[in-house]
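Peer 1: need a 3D model of the sequence below.
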Amino acid sequence: MYTINFISFALPEFPPKEPESPRKMSGLVPILVIKGAGSEYIQLPPNENALTADFHTHRTETTDGPTHITSGFYKIIAGPEKIIPYPCEETKYVLQGQIDIFDEATGIQHHLVPGDFAFFYVGSKVRFSTKSEGLAFYAVTRPSRNSHINLQGREERAKAKL
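Peer 2: Purely as a prediction, here's the structure:
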């Protein structure tokens, strides 16, 4: 149990269990598919106006410096600004609505709408807000921390056809 803004709620297990590494089939590695990932409703915790909802994480097998890559959705509704310092890299691609991002390094307020993309470097510090609501897809170089509960167990299991 954690308390944030005097509201308590249970968080998913942290760190979440790493999915099993894909089995190699005929020298190739199968892809992972999560059905309906974009259509799941993301519920905000009580008294919160923004949430990251991770739906996949993987420790990369990159040979020059393995790290985690995690993807998910970011949802925000009107309310207080969310100040976020970045200890990792992240990309956001706006899918619905609008998301305002104030870049503390430049003093520029960016107004993102569907089709807009933002990249956050290690050391970036921004303030997220919206006048209505917004939804973005993100990919970030960190392990999963807020699993999207509505997507757990929806992975398709690959079976070799060879």
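
Peer 1: quick check, residue 75 in a strand?
Peer 2: Yes: counting by DSSP: H, G, I helix; E, B strand; the rest coil, residue 75 is located in a strand.

Peer 1: contacting residues for residue 52?
Peer 2: 72, 73, 74, 138, 145, 146 (Cβ atoms under 8 Å, 6 or more residues apart in numbering). Placement of C-beta: from N, CA and C, glycine included.

Peer 1: closest to residue 131 out of those?
Peer 2: Comparing the contacts of residue 52 against residue 131 with Cβ to Cβ picks out residue 74 as the nearest, at 16.4 Å.

Peer 1: was I right to think that closest one contacts residue 139?
Peer 2: No: the pair residue 74 / residue 139 is not scored as a contact, 11.0 Å apart, by Cβ atoms under 8 Å.

Peer 1: more neighbours: these two, which one.
Peer 2: residue 74 (23 against 14; other Cβ atoms under 10 Å).

Peer 1: ok, which pair from the contacts of residue 52 is furthest apart?
Peer 2: Of all pairs in these, the most separated under Cβ to Cβ is 73 and 145 at 13.8 Å.

Peer 1: just want to know which of the two has more residues nearby.
Peer 2: Taking other Cβ under 10 Å, residue 73 and residue 145 do not tie; residue 73 has more neighbours (22 against 16).

Peer 1: residues near the closest residue to the more buried one other than its chain neighbours, how many?
Peer 2: Distances taken as Cβ to Cβ, 6 or more residues apart in numbering place residue 53 nearest to residue 73, at 4.9 Å, with adjacent residues excluded. Neighbourhood size, residue 53 [other Cβ under 10 Å]: 21.

Peer 1: good, wrapping up.
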